[in-house]
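Visitor: All I have is the shape, not the residue letters:
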């Protein structure tokens, strides 16, 4: 249970960091992109989306830690994390692009 609390805290701290707009250097692909590629994205929207993603992951991990069964983690936790990953990929390439 201690490990679950630590991992949840890490994701919550990352979520707060992204919510404040300070963590764009932690976003894989964005931090290595050229200035021309970075100019295509709205950094504020991008960090907000990743903030929501981190909070979502923290909630899923906390729920799996509270229920503490393999069935719950496999049937609820894993699909929830996969849905969050797909959503962040879609949002980062649609909602976060400048128009």
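Guide: Ah, there it is. From a predicted model like this one, the values you see are computed outputs, not experimental measurements.

Visitor: And the strands in the protein, which stretches?
Guide: For the chain, applying DSSP state E gives no strands.

Visitor: what's near enough to touch the residue located most distally from the centre of it?
Guide: The centre of the chain is farthest from one residue, residue 36, which by Cα atoms, centre = their mean lies 24.3 Å away. Under the criterion of Cβ atoms under 8 Å, 6 or more residues apart in numbering, residue 36 has no neighbours. Using the backbone N, CA and C atoms, a C-beta is placed for each residue, glycine as well.

Visitor: measure it to residue 28 for me?
Guide: 18 Å (Cβ to Cβ, to the nearest Å).

Visitor: What is the burial count for residue 86?
Guide: 10 (other Cβ atoms under 10 Å).

Visitor: Tell me the confidence at it?
Guide: Residue 86 carries a pLDDT value of 97.

Visitor: now swap in residue 11 and tell me
Guide: Turning to residue 11, the model gives it a pLDDT of 97.

Visitor: Do you have the helices of this protein handy? List them.
Guide: Taking DSSP state H as the criterion, the chain carries its helices at 2-19, 35-38, 43-67, 70-72, 78-93.

Visitor: Sweet, I'm off.
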